[in-house]
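J.: My questions concern the predicted model and sequence given below.
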Protein chains: 2
Amino acid sequence: MNVEYTPKAATAAPLQLAQRSANLRSNAIRDMLKVAHQPGMIALGGGNPAKESFPVALMPRLMKDVMRRFSSNALQYCDTQGFPPLRQALADWLAQLQIAATPDNIVVTTGSQNALDLLGKLLIDEQSPVVVEQPTYLGALQAFSLFGPRWRYLDEDEEGPALQKLDALTAPARPGDRAPLVYVMPTFRNPSGKSWSAERTRQAAAVLRRHGNWVVEDDPYRLLTYDTSPSPPLKSSLPEQTIYIGSLSKVFAPGLRLGYCIVPDPLLPWLVKAKQGTDLNTGTLSQALAAEYIQSGRLNDNLPLLRAIYRDKRDALTDALARHLPGSFEFSIPKGGMFLWVKGPPGFDSDHFLSVAIAHGVFFVPGSAFFGDTLSEPMRQENARCMRLNFSGNDTDTLKRAAERLGKALKTCNL
Amino acid sequence: MNVEYTPKAATAAPLQLAQRSANLRSNAIRDMLKVAHQPGMIALGGGNPAKESFPVALMPRLMKDVMRRFSSNALQYCDTQGFPPLRQALADWLAQLQIAATPDNIVVTTGSQNALDLLGKLLIDEQSPVVVEQPTYLGALQAFSLFGPRWRYLDEDEEGPALQKLDALTAPARPGDRAPLVYVMPTFRNPSGKSWSAERTRQAAAVLRRHGNWVVEDDPYRLLTYDTSPSPPLKSSLPEQTIYIGSLSKVFAPGLRLGYCIVPDPLLPWLVKAKQGTDLNTGTLSQALAAEYIQSGRLNDNLPLLRAIYRDKRDALTDALARHLPGSFEFSIPKGGMFLWVKGPPGFDSDHFLSVAIAHGVFFVPGSAFFGDTLSEPMRQENARCMRLNFSGNDTDTLKRAAERLGKALKTCNL
């Protein structure tokens, strides 16, 4: 064997990546975190839950209860599908919300983002169509984009997706072909705050049933409702085709990284197998803490406080915007969730405005972040007029100041 | 719009999956967990750390310290790259182990499995070659298989990989082509327990530097050393090409799901971007608990106990096997890690024997689990003679009983 040790100057390896990496989309919000840390900057960009909603004082006690109840099992590896006591707790709790689930068809995930990645792996081929609302959740765009889909965009009215377009987009290209994957957020959608009506939900389910699509229903905001009860989930009308994704990030704490799916039987073993290779199992300790938090009734006890906190914040921001934004700007008051979707006059470009806003000490996510590629030029321009403002992550005084700064920044733009 | 609601009997959607799903490998160990739960069964199959090594009694106190130090920040989303106090704690702690890292080139992952998935996404194209040791870690086989690589197998001797074969397998197919990805576990390898010598590590680094490969060094067992100090990591000889993966699962607790990578600069932003879409960030609370556990010195304080526990277990199992296995079986005594690699006589088939062992109340992972496809028939037969026995997850009495049961089961096989 004559491979000699040939000392060479260490040089960086040429950056050789898989072709797939060209599909990697950056997350506009995550990239903005650097800006967020500038002193005095007000961040309306992220989607952080209110820190005052977290049970900080309770945590040591909760850990004590968990160690007494589960001992070392809470620190060990656990089932890929999820820690059984949490799956039981979730099934019981979801039943109170009229959502049918059993410990056997729940898969606990490392936040709902983990669920999106797993579903992308299982359901998206390069160049296969994926039907989404517009605007849609950028975390889904990011997770799915890696697998190279072709994006198809639904139309909508105040009741939900326009059925004719839904029918056209979700039909298999040829009889016998795979029906396109559908990703929707029917309740308090991020970023627009819109929801589907109960009637439209049933009608959409009928269309989707005929075509046999897999449907991903992303539903993290259902319990953050401030004025009304949301419609029943699409999952209830289309259980056999819908993968329902829920999250504990908004109702417990995102730092535990806990999401869950309710999965149709045929897909379940595939999802578990994909999760084995992705992260083996979601953190057992987080799952044990959540099982205890839910089963002790503390999660439900905290919900009225949570809703009161967010209702106040929403009202503070919408009231202040009504005072400070030019009359040519419009937004509807969201009945739930964490976001406001503000639309400027024709010609307004929120990507351009972002740098002006940052100079005034406030930032947001421009509308362009909430779409995949292949958006038609008129749609692109329409969406460039929009900006997403978060109201969950700041206190009410800061939200008022943010609205004031936005107003001042817009005044410099000669709109 | 005339899409009518047409009530139909709910039928399972036809199972339409992405083509990639055909690459999904099941994890032999995870699938065996069902067997593990049969009453009286002794599991030598998994890789569970000893539950008595977990700081159960400390956890409420640790949570209290974390809430005092980080308050709601420990429950919020955090940087995709990792919670900054944990990255700082890891960098300081790794310096004690003579492993160079800074908070800026560490990425915290959701267990090391998450790192493998992210690296597969970034570095493996369908049909691109991936060079591995044989046998190799099945979690890596599982994570990488999804992306459809062609497996290439190194040869080895007692010092480490045979350099001539390494040179041949790691060279780009044509000048200018991407050099193959290399995945190795040079220290107390799972499953064989073998390690590379310091000299061979340097020689291998020289070969790999010449070809410019990306090299994944998976190093979870370095601190579980019972007789000797392991060689310096490959990363030290080849920093610019090596992605070093470490884990807190074996030295703190797997239920926190914490791994980490030390990543060459050019690859780092890509890894972070891939992680954004995969799970946004690793659990903040777990990271805060680990930062406190490391910085308070408790992790280091616990290491002597950990080593004593595992040394006793190793000795118990190896002593008992020496008594109970037929003379035609051989194994070497591992100097670290959690596994024993036992080889039967020519013609012995551990896949077949597994069902006999289960009937005798003990199970293990057969050698066939530790290889990808495209293994030559002689190599396949060679490896079918082997079985992996775990000694970390049971107490010493149980390990003795397990060896006895294996001996009895083998007696029924007429070897």
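T.: That came in fine, so what should we check first?
J.: Find the least confident helix or strand in chain A, judged by mean pLDDT.
T.: For chain A, using mean pLDDT, DSSP states H and E, the weakest element among its helices and strands is helix A:28-31, scoring a mean of 65.
J.: Okay, the closest residue to residue A:341 other than its chain neighbours and residue B:283: tell me how far apart.
T.: Once flanking residues are discounted, residue A:341 sits nearest to residue A:192: 4.4 Å by C-beta to C-beta, 6 or more residues apart in numbering or on different chains. Using the backbone N, CA and C atoms, a C-beta is placed for each residue, glycine as well. According to C-beta to C-beta, to the nearest Å, residue A:192 stands 29 Å off from residue B:283.
J.: who's more crowded, these two?
T.: Neighbour count, other C-beta atoms under 10 Å in any protein chain shown: between residue A:192 and residue B:283, residue B:283 has more, with 29 against 25.
J.: Wait, that one touches residue A:259, no?
T.: No. If you go by C-beta atoms under 8 Å, residue B:283 and residue A:259 don't touch, sitting 11.7 Å apart.
J.: Distance of residue A:305 relative to chain B?
T.: As judged by C-beta to the nearest C-beta, to the nearest Å, residue A:305 and chain B stand 15 Å apart.
J.: these two touch, right, that residue and residue A:53?
T.: Yes. Between residue A:305 and residue A:53 a contact is recorded at 7.1 Å, counting by C-beta under 8 Å.
J.: Between these two, tell me which one has more neighbours.
T.: residue A:53 (22 against 12).
J.: Neighbours of the residue lying closest to that one once chain neighbours are set aside, how many?
T.: Among residues not flanking residue A:53 along the chain, residue A:306 sits closest, at 5.1 Å (C-beta to C-beta, 6+ apart). Counted with other C-beta under 10 Å, residues neighbouring residue A:306 total 20.
J.: Show me what counts as buried in the helix or strand containing residue A:306.
T.: Following DSSP states H and E, one finds residue A:306 within helix A:298-324. The neighbour-count check on helix A:298-324 (16 or more other C-beta atoms under 10 Å in any protein chain shown) flags A:299, A:302, A:306-307, A:309-314, A:316-318, A:320-321, A:324 as buried.
J.: Which is the succeeding secondary structure element to it?
T.: Following helix A:298-324 in sequence order, the next helix or strand is strand A:330-331 (DSSP H and E).
J.: tell me which parts of the stretch 101-250 of chain A are close to chain B?
T.: A:110-111, A:113-114, A:116-117, A:121-125, A:128, A:139, A:142-143, A:145-147, A:162-164, A:167, A:178-179, A:202-203, A:206-207, A:209-210, A:212-214, A:239-241, A:249 (C-beta under 8 Å from any C-beta of the partner chain).
J.: Can I get the buried part of the residues you listed as one PyMOL selection?
T.: This is how PyMOL selects the buried members of those, with burial counted by 16+ other C-beta under 10 Å:
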select buried, chain A and resi 110+111+113+114+116+117+121+122+123+124+125+128+139+142+143+145+146+147+162+163+167+178+179+202+203+206+207+209+212+213+214+239+241+249
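J.: Show me the residues of the stretch 101-250 of chain A next to chain B that map onto helices.
T.: When these are checked against helices (DSSP state H), the matches are A:111, A:113-114, A:116-117, A:121-123, A:139, A:142-143, A:145, A:163-164, A:167, A:202-203, A:206-207, A:209-210.
J.: quick one, what contacts the nearest residue to residue A:134 once chain neighbours are set aside?
T.: Nearest non-adjacent residue to residue A:134, counting by C-beta to C-beta, 6+ apart: residue A:153, 4.3 Å away. Residues near residue A:153 by C-beta atoms under 8 Å, 6 or more residues apart in numbering or on different chains: A:131, A:132, A:133, A:134, A:371, A:375, A:379.
J.: Show me what from the stretch 251-400 of chain A comes close to chain B.
T.: When proximity is defined by C-beta under 8 Å from any C-beta, the stretch 251-400 of chain A lies next to chain B at A:253-257, A:264-267, A:270, A:273-274, A:276-286, A:288-289.
J.: so of these, which ones are in helices?
T.: A:270, A:273, A:274, A:276, A:277, A:278, A:279, A:284, A:285, A:286, A:288, A:289.
J.: Report the contact partners of the last one.
T.: Put plainly, it is residue A:289. A:59, A:62, A:63, A:66, A:256, B:285.
J.: what do you get for the third one?
T.: If you count contacts by C-beta under 8 Å, 6+ apart, residue A:274 has them with A:118, A:121, A:122, B:21, B:24, B:146.
J.: wait, the third one sits on residue B:19?
T.: No. Here residue A:122 lies out of contact with residue B:19, judged by C-beta under 8 Å, at a distance of 10.6 Å.
J.: next one: the helix holding residue A:306 to chain centre, how far?
T.: Put simply, helix A:298-324 sits 19 Å off its chain's centre (C-alpha atoms, centre = their mean, to the nearest Å).
J.: cool, and stretch A:67-78?
T.: 30 Å.
J.: Let's see it as PDB, backbone CA atoms only.
T.: Provided in PDB are the C-alpha atoms of stretch A:67-78 (Å, rounded to 0.1, in the frame of the first residue of the first chain):
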ATOM      1  CA  MET A  67     -40.300  12.500  37.300                       C
ATOM      2  CA  ARG A  68     -42.600  11.000  39.900                       C
ATOM      3  CA  ARG A  69     -45.000   9.700  37.300                       C
ATOM      4  CA  PHE A  70     -42.600   8.500  34.600                       C
ATOM      5  CA  SER A  71     -39.200   8.400  36.200                       C
ATOM      6  CA  SER A  72     -36.400   7.400  33.900                       C
ATOM      7  CA  ASN A  73     -38.800   6.600  31.100                       C
ATOM      8  CA  ALA A  74     -39.200  10.400  30.500                       C
ATOM      9  CA  LEU A  75     -35.500  10.600  29.700                       C
ATOM     10  CA  GLN A  76     -35.200   7.400  27.600                       C
ATOM     11  CA  TYR A  77     -35.800   6.900  23.800                       C
ATOM     12  CA  CYS A  78     -39.500   6.300  23.100                       C
END
